[in-house]
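Undergrad: Got a sequence here, can you build the structure:
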Amino acid sequence: MSVKSKPGFYLGSVAAIALATAMPALAQQAPAPSAPAAEGTLEEIIVTGFRASLANALQTKRNSNEIIESITAEDMGKFPDQNIAESLQRLSGVQIDRDNGQGTKVRIRGLDQNVTLLNDEIFLTGLEIFTLGEGQTRNNDSLEGVPSELLGGVDVYKSPNARLLEGGLGGTVNLKTRNPLALDQGYTIAGNVRGAKSSGADGGWKPLGALALGYNWDDKAAFIATLSYDKQNSQTDVLGGQNRGNWRFADRGDKATVTKNYYAPEYRYATDREQSRKRIGGSLAGAVQLSDSVEVSGEWFHSELDILTSEASVKFPFAIESPGLDTTKPYTIDENGVLINGTLIANSAEAISYVQNSKIDSDNFGLKLKYDGGGNFRGSLRGAYAKADLFSDSANNDVRYTQYSVPTADPTSPTGFSHKPANPAAPANYRFNYSNGNGTLPSMTLATTPDLYTNPAYGYFKSHWVFGDRADLENYSVRADGEYDPEFIPAGNVTLTGGYRYASRDVDYTRGRYLANLSGRGELDGTKFGQKWTPYGYFMDGAIGFKSCELPAGTPGIPNRCNNRFGNSAPVLTPFQTFTGSSGRVETINNFFSSGDMVGGKIQVQDRSQMKNGAEWIQSLYPTLPFAFYEEPLESFRVKESTHSGYLMADIGDPGEGYHINVGARLIHTNLTVYQNRATDPDPVYLGTDSWNGVLRDSETIANERSYTDILPSLNMVFDLDEGQKVRFAASRVVARQNLFDLGRGFRVDFTRNPTTNLFEATNGSAGNPDLDPFRASQFDLGYEYYFGSQGLVSAVGFWKEVDSFIGSETKPEFVMDQAGGRNTPIARPVNGEGGRIKGFELAAQYAFDFGAGFNVNYTFSDSKSPILNDFDKGLPIPGVAKHAFNGQVYYEYEGLEARVSYTWRNKSFAGNFGFSDGATTRTLGIWNRSYGQLDAQIGYQVTEQIGLTLEAVNLTKEDQSQYLQFGNLPFTYSSGSQRIMAGVRFKLGAE
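TA: This is a model prediction of the structure:
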């Protein structure tokens, strides 16, 4: 039996080892762990081992007045982790989302509405509004651009105090840089040099490494400079069906012959995705002790992330470009309307080459003045500035393997032209066999024309287009904090703390299209004839004739007196290029979609390596047409936010009395302005021949201004039952900012060409909502911790969170004008919901044995409910919250040998709703993430005190990720898993 098919095997194995070793550990009684080394020091990442790093993190948790999880630099430096998100998934109550083999978004108790800080201030990565693909798959708030080597540690706060910045519904992730004054005196040099290779990816081993330089002048002044480099290639097989959302159930093409309704996507996309990431990170931190009581420190954190995504996707039509099932062949539809198997008739065979080239830069600066004269008062002044930029262009090309008609010279036509196939040797249609398999990854194989995707005589380069994303993000803040120990309160060891902070956030996002000026080809300007279009084009498709053909007969300048742009128009875009005539554009993929059975495993497509610079590529194809980038106003937005916040809190407790109480409140006044664009006219003019073939020309910007005030009380109490036992209680109000796209994005509509009428019709769309409220919640935690033996801990925490301003999604039909006269179209909008709830508990245990072995395990149960509903369910879980999650590690360290195995798992979770228009009916189904587990490992050997060898593996068993649509056997998306191997050398040198 395949072990890979049994995720529970790994969970059981790690848990069994942990529980077996925990029994004698619980019986041991040893002194409590010693005090940790200075937090965030450079020595932690190189000198001390993984075992000592866990001790530091455990001591941080034990000494904290809040409910907190912590990880130190040793963890991140020696885990097989590619970024901060990967490192954090080991912590109790923390899970991560993954994409293309990378850990991306952090979830705390299942929630992703969290805030990321750098040294207690807002942190920008540049990925806050990163999107992938024309369907705008969002990867916002991803931490994949943060190199773990540049940090000294990370704290995850699950219960806030009044001093902590607001913004986290699930919690707060605080990234901490290394403290220069904590270095040993003299110089320190440390780093690593490694090579990495991902399974299935081209290019072999890629370099990665990190270097840290530091110097401490007698604890009076010090600096640390770090640099990291990481380059990797990955290959992923991806199955999708959600791109345009134009599914069918009852209103299918075969509804007359197939009386049992079934779910039919417009297309299923089988994709070969190759991605190259290059990440450069650097930091510079300095500190000067001006006097015994005054310290000045500052830091600069820089990150550059280049992502090149290249996709080749075969499109299998089920709805629009297909009349449906071939009823002469057997087929099976189950009781839920899921197609199990059958043979489908396809009117078109196409593949798309897609290349997105993105560059993301971010800089975060901080400056702090700290005063501590040893008296009753302590204070600090701090300023922070952050800036991030995103620049991305995406090039696209559809190729056609069945016949595709373009304007062709025809002496029998009154205009001299008619539409005839540019690739006459190609078949007119084809059939493919569909098998649902296990409901995770279906197979789609050719039933006719076995050389359909490999015969050059069939291939025609059909459509070409390029779009782009631009984003500028800027944050700055100033704050003052003070602490005072009042003498007039003789008992209780009371400290009063207060502060004020002003912050500003500015996010400017632009989505645009590269348009060609067609006037040089003879296209007219429709506005001169009372029309709403202009001589520009977005889709460079040879089948699209002159828009001027639609002008009234007799209008001066109509080319060849045509009256049908898709029938008797002269060609606008030439030359027409085929695979045989332009063989230099052809790329052959010999191992296409090796994860499953798709089209025989070999296809020919547009060469993706030629599309890395989209603007240059499309200009080279049409050298006489001038192309330029034009903003699409409806999909662009700007958000400006300013906040004034103040807090006051008291810490009460004498260490000798075994208790500590932190109580306070934070007040935040927010001024929010969302700038959206809208058409100045109900029937607007487009910079293009059609709404789908250009951008809105005449728009106006609307400023939606709002102000609101939040008061966030917090209470954290810790009671020591004895030397090793603690009870914690926390209660607080929390608030999290709205998603930027949910606030700002305009009215976006997808259009699909009707093959019968040749008219582009609206299929679905989305829009933002500037009136969204922030996420707000009241939360409560009650925990028990038992510390024992050598780094021993058993803990349990129960949590309850009432979300009173949950943001959901609502899909309703709205009338949208299109080329065919308009129709009711399902439009998804975020809305203020009625509220939700999440409750559950966390269990954790860890221990380090004297003989070098150790373990740490944790389990999280999260039960959630939201106001989201669909056609089948109501009160659905909060999106992304898995009911069960488990993390486990076992490790061994002895005489320079280091080895460990880590396993993370979470079960299925609700991902949101999917809506589509089925004739006059709008249908809504739930999307569910399937359970996922991952096994990682590392082995190393410390050759000398200065040099160590490491071998690391991520996702050893190449686990896949997938989603289903409402029913467990209705596939929605699939991503193959890849394994990454890293091997190299670590080193550290320092002054004697």
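
Undergrad: what ranges do the strands span in the stretch 101-250 of the chain?
TA: 102-108, 115-118, 121-122, 131-132, 137-138, 153-157, 172-176, 186-198, 206-217, 221-240 (DSSP state E, counting those that start in this stretch).

Undergrad: Parallel or antiparallel, list what pairs with the second one.
TA: Which is strand 115-118. Strand 115-118 pairs in its sheet with strand 121-122 (antiparallel), strand 172-176 (parallel), by DSSP bridges.

Undergrad: ditto for the last one
TA: In its sheet, strand 221-240 lies beside strand 206-217 (antiparallel), strand 267-289 (antiparallel), strand 971-975 (antiparallel), with partners assigned from DSSP bridges.

Undergrad: looking at the ones you listed, which is closest to residue 659?
TA: strand 267-289 (34.1 Å; CB to CB). All C-beta atoms are positioned from the backbone trio N, CA, C, and that covers glycine.

Undergrad: just checking, what packs against the next helix-or-strand element following the closest one?
TA: Once the chain leaves strand 267-289, the next helix or strand it forms, by DSSP states H and E, is strand 294-317. Secondary structure elements in contact with strand 294-317, counted by 3 or more CB pairs under 8 Å, 6 or more residues apart in numbering; DSSP states H and E, are strand 267-289, strand 339-346, strand 350-372, strand 603-606.

Undergrad: In contact with the closest residue in space to residue 203 that isn't next to it in sequence, which residues are there?
TA: Distances taken as CB to CB, 6 or more residues apart in numbering place residue 233 nearest to residue 203, at 4.7 Å, with adjacent residues excluded. Counting by CB atoms under 8 Å, 6 or more residues apart in numbering, residue 233 makes contact with 198, 201-203, 206, 274-277.

Undergrad: buried subset of those?
TA: With burial judged by 16 or more other CB atoms under 10 Å, the buried subset of the contacts of residue 233 is 198, 201, 206, 274-277.

Undergrad: If we ignore the residues flanking it in sequence, what's nearest residue 151?
TA: That would be residue 175: by CB to CB, 6+ apart, it lies 5.5 Å from residue 151.

Undergrad: if we can go back for a sec, quickly note the distance from the residue nearest to residue 203 to residue 197.
TA: Separation of residue 233 from residue 197 (CB to CB, to the nearest Å): 9 Å.

Undergrad: Quick check: neighbours shared by the two?
TA: residue 206.

Undergrad: so where's the stretch 251-400 of the chain uncertain?
TA: The model of the stretch 251-400 of the chain has no residue with pLDDT under 70.

Undergrad: ok, what's across the strand from residue 694?
TA: residue 688.

Undergrad: wait, what's in contact with it?
TA: Residue 694 neighbours (CB under 8 Å, 6+ apart): 513, 515, 533-534, 536-538, 630, 686-688.

Undergrad: try 6 Å this time
TA: 536, 538, 686-688 (CB atoms under 6 Å, 6 or more residues apart in numbering).

Undergrad: One more: residue 627?
TA: Residue 627 touches 514, 516, 619, counting by CB under 6 Å, 6+ apart.

Undergrad: cutoff 8 Å now
TA: Contacts of residue 627 (CB under 8 Å, 6+ apart): 466, 514-516, 615, 618-619.

Undergrad: Am I right that residue 297 is in contact with residue 381?
TA: No. If you go by CB atoms under 8 Å, residue 297 and residue 381 don't touch, sitting 11.5 Å apart.

Undergrad: what residues are shared contacts of these two?
TA: Common neighbours of residue 297 and residue 381 (CB under 8 Å, 6+ apart) are residue 368.

Undergrad: circling back to that earlier point, for residue 342, which of the strands paired with strand 221-240 is the nearest?
TA: strand 267-289 (13.3 Å).

Undergrad: For that closest one, what is the distance to the chain centroid?
TA: The gap between where strand 267-289 is centred and where its chain is centred comes out at 12 Å by CA atoms, centre = their mean, to the nearest Å.

Undergrad: Parallel or antiparallel, which strands does the host helix or strand of residue 952 pair with?
TA: Using DSSP H and E, residue 952 maps to strand 947-954. With DSSP bridges as the test, strand 947-954 is paired with strand 932-942 (antiparallel), strand 980-990 (antiparallel).

Undergrad: Validate this expectation: residue 387 resides in a helix.
TA: No. Under DSSP: H, G, I helix; E, B strand; the rest coil, residue 387 sits outside any helix and is assigned strand.

Undergrad: re the thing from before, could you tell me which residues within the strand holding residue 952 count as buried?
TA: Buried residues in strand 947-954 (16+ other CB under 10 Å): 948, 950-954.

Undergrad: now swap in stretch 788-804 and tell me
TA: Buried, per 16+ other CB under 10 Å, within stretch 788-804: 788-795, 797, 799, 801, 803.

Undergrad: Cross those against helices and list the overlap.
TA: With DSSP state H as the criterion, helices contain none of these.

Undergrad: Of all pairs in those residues, which one is the farthest apart?
TA: 790 and 803 (40.5 Å).
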